[in-house]
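Peer 1: here is a sequence together with a model predicted from it:
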Amino acid sequence: MSVKPDIRLVIDVKTQVNDLVQTPLPTEYGEFVLHYYSNSIDNKEHIALVKGDVSHKEQVPVRIHSECFTGDVLGSRRCDCGEQLAMAMQLINDAGFGVLIYLRQEGRGIGLLKKLQAYNLQDQGMDTVDANIHLGYLADEREYSIAASILESLQIKSIQLLTNNPQKIDDLKKLGINVQGRIPVEVIAHHDNVDYLKTKAKKMAHMLFGSQKKQ
């Protein structure tokens with residue numbers, strides 16, 4: 001059984017990030033600056049899309065988005081990830097400033113291979129949580145110490161987090177991030193992902209289907 005890192009240990013051993021490259025990136029959703037980060041935990045290519053001047057700013061709109069190849073790149077309708085990514089970029093662009101951090105935590109941290117195996121288990125009747133547990137993982141293996149260090153490197157004073165996930169808010173607060181509020185990123189459910197979304201709401205306390213509460 002996989003064990004999720006103790007958030008207290010993540011705080012004690014400070015994650016180091018290094019902003020190696022910044023380059024302008026025009027997108028369908030507006031102009032951003034793409035930052036490429038190295039870090040002291042893994043060899044993965046974590047990035048941040050930054051809109052406008054966020055240094056020393058309060059209430060910065062921030063989306064911390066975990067990689068979903070099937071949703072973000074291929075447009076899979078099994079989840080809401082690709083639609084959330086597009087919505088977040090549009091919201092940040094409309095705000096005129098903000099950050100989208102893209103973490104390489106595929107499949108809620110279990111990787112692409114295991115995520116695809118979980119898909120097959122879901123097709124046999126399991127939900128997204130039970131499938132991960134059946135494969136020997138937690139329902140959610142993600143952690144956010146790299147994201148927290150990126151936000152600190154950008155010298156952001158406080159954020160408005162674009163999320164439906166209350167656990168993400170709690171984890172970031174434990175890592176010392178000043179989360180002042182939440183911006184929902186709830187997309188319209190459809191036939192292919194409605195059960196997936198219902199499971200996130202029921203078993204993972206995601207604020208969906210009108211269950212949003214102010215943070």
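Peer 2: Good, I have the coordinates.
Peer 1: could I have stretch 75-92 exported to CSV, CA atoms only?
Peer 2: What follows is stretch 75-92, C-alpha atoms only, in CSV (Å, rounded to 0.1, in the frame of the first residue of the first chain):
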residue,chain,number,x,y,z
GLY,A,75,-9.6,15.9,-24.8
SER,A,76,-10.8,12.8,-22.9
ARG,A,77,-14.4,13.1,-21.6
ARG,A,78,-13.9,10.6,-18.8
CYS,A,79,-12.8,13.5,-16.5
ASP,A,80,-13.1,17.3,-16.2
CYS,A,81,-9.4,18.0,-16.2
GLY,A,82,-9.0,19.5,-19.7
GLU,A,83,-12.0,21.7,-19.3
GLN,A,84,-10.8,22.9,-15.9
LEU,A,85,-7.4,23.7,-17.4
ALA,A,86,-9.0,25.8,-20.2
MET,A,87,-11.4,27.5,-17.7
ALA,A,88,-8.5,28.4,-15.4
MET,A,89,-6.4,29.9,-18.1
GLN,A,90,-9.4,32.0,-19.3
LEU,A,91,-10.2,33.2,-15.8
ILE,A,92,-6.6,34.2,-15.1
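Peer 1: how far does it sit from its chain's centre?
Peer 2: Centroid displacement of stretch 75-92 relative to its chain, using CA atoms, centre = their mean, to the nearest Å, is 11 Å.
Peer 1: buried stuff in stretch 121-141?
Peer 2: Residues of stretch 121-141 classed as buried by neighbour count (16 or more other CB atoms under 10 Å): 121-122, 126-133, 135, 137-141. Any C-beta I mention is one placed from the backbone N, CA and C, and that applies to glycine too.
Peer 1: give me the mean pLDDT for it.
Peer 2: Across stretch 121-141, pLDDT averages out at 94.
Peer 1: end-to-end on that stretch?
Peer 2: End-to-end distance for stretch 121-141, by CA to CA, to the nearest Å: 18 Å.
Peer 1: most remote residue from this protein's center?
Peer 2: What lies farthest from the middle of the chain is Gln124; by CA atoms, centre = their mean that is 27.3 Å.
Peer 1: quick check: the gap between that one and Asp42.
Peer 2: 32 Å (CB to CB, to the nearest Å).
Peer 1: for Ser158, same thing?
Peer 2: Going from Ser158 to Asp42 by CB to CB gives 27 Å.
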